[in-house]
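Undergrad: the sequence and its predicted three-dimensional model are supplied below.
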Amino acid sequence: MTSRRLLLSLAHPDDESFGSGGLIARYVASGAEVSLICATNGDVGTVKPEMLNGYNSISELRLAELACASAKLGFKHVVRFGYRDSGMMGSETSQHPASLWQAPQEAVTRRVVEVIRDLKPQVVLTFNRYGGYGHPDHIAIQRATVAAFRLAGDPEYKTDGQQPYQPQKLYYTRIPTLMLRMGLWLLRLRREDPRQLGKNKDIDLLKILDNVEPAHARVDIRAYYDAWQEANACHASQLGGGTNQMPLWVRRRLSGSQSFTRVYPEPEYNRVDENDLFQGVRVD
């Protein structure tokens, strides 16, 4: 293997597009091998009944949308773990025994280690410790991925027929704080409660802001905005980003780059000092 390899370890069908579509499109276009772990089938996602025409279940629809987005983005590998979507924290669905939130972390970690040892990414990307907006599936795969990043290179940690492999860099995705603050401003103008957002009033914008972690890498994705939007559009059942009320030119300006938190190697200072996730990576 002599290529640059990036692995995204995420939770749901749509996380790859809504969160990191521009980044994925950029690296695929540059010749990197970009692969995805999608830990759940998206079973608990809210879907309009008419969207299910031709599908036997929400998960079947969501996975078809993932296949569409994956083809648009050009993933080298898509690894589906098949856990049940947990829904939001404290919900009845988060107690379901087949959900990712209820899965033993050691078991999920082992599966991520196996993927890392198989695909040998130099760079791994997952959610931050709050899971972006506090979703239990995001938090579960984040914890498993951070543990797996360190265990994958440990010769004492055995997986069936695999050799140890240590990725060189680990990053967290990062929600743009400017966009969050603009959203907060709009909510206050409309006299809406920023602590009770979404259909079920279970998203807290202030907590999201409180849990945003420092930026250490900022990657220019302006040339890939259209590819990003095409991938988003595949996830029509989840509105494909279509609920964003900001004008298109504003979204383009705010989305000209994507920022990431570098976890390993640990940064000396909390400032942006990279414009490429592969900066300093040894390609072997």
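TA: Structure received. It should be emphasised that the depicted structure is a prediction, and the values quoted were computed from it without experimental measurement.

Undergrad: and residue 171, what element?
TA: strand 169-173 (DSSP states H and E).

Undergrad: for that strand, output the C-alpha coordinates as CSV.
TA: Output in CSV follows, covering the C-alpha atoms of strand 169-173 (Å, rounded to 0.1, in the frame of the first residue of the first chain):
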residue,chain,number,x,y,z
LYS,A,169,-3.2,10.7,13.4
LEU,A,170,-6.6,10.9,15.2
TYR,A,171,-9.1,13.8,14.7
TYR,A,172,-12.5,14.8,15.9
THR,A,173,-15.1,16.4,13.7
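
Undergrad: and that strand, what does it pack against?
TA: For strand 169-173, the elements it packs on are strand 123-126, helix 136-151, strand 257-264, judged by 3 or more Cβ pairs under 8 Å, 6 or more residues apart in numbering; DSSP states H and E. Every residue, glycine included, has its C-beta placed from N, CA and C.

Undergrad: what angle separates the longest one from strand 257-264?
TA: In this structure, helix 136-151 runs at an angle of 50 degrees to strand 257-264, with axes from the mean of the first three to the mean of the last three Cα atoms, to 10 degrees as the basis.

Undergrad: wait, isn't residue 13 in contact with residue 66?
TA: Yes - Residue 13 lies in contact with residue 66 (Cβ atoms under 8 Å); the separation is 3.7 Å.

Undergrad: helices of the stretch 1-150 of the chain, residue ranges please.
TA: Assigned helices in the stretch 1-150 of the chain, in chain order: 15-29, 58-73, 105-119, 131-134, 136-151 (criterion: DSSP state H, counting those that start in this stretch).

Undergrad: now the helix or strand hosting residue 225 and helix 15-29, what's the angle there?
TA: When elements are assigned from DSSP H and E, residue 225 belongs to helix 225-234. Going by the same axes, to 10 degrees, helix 225-234 is angled at 140 degrees with respect to helix 15-29.
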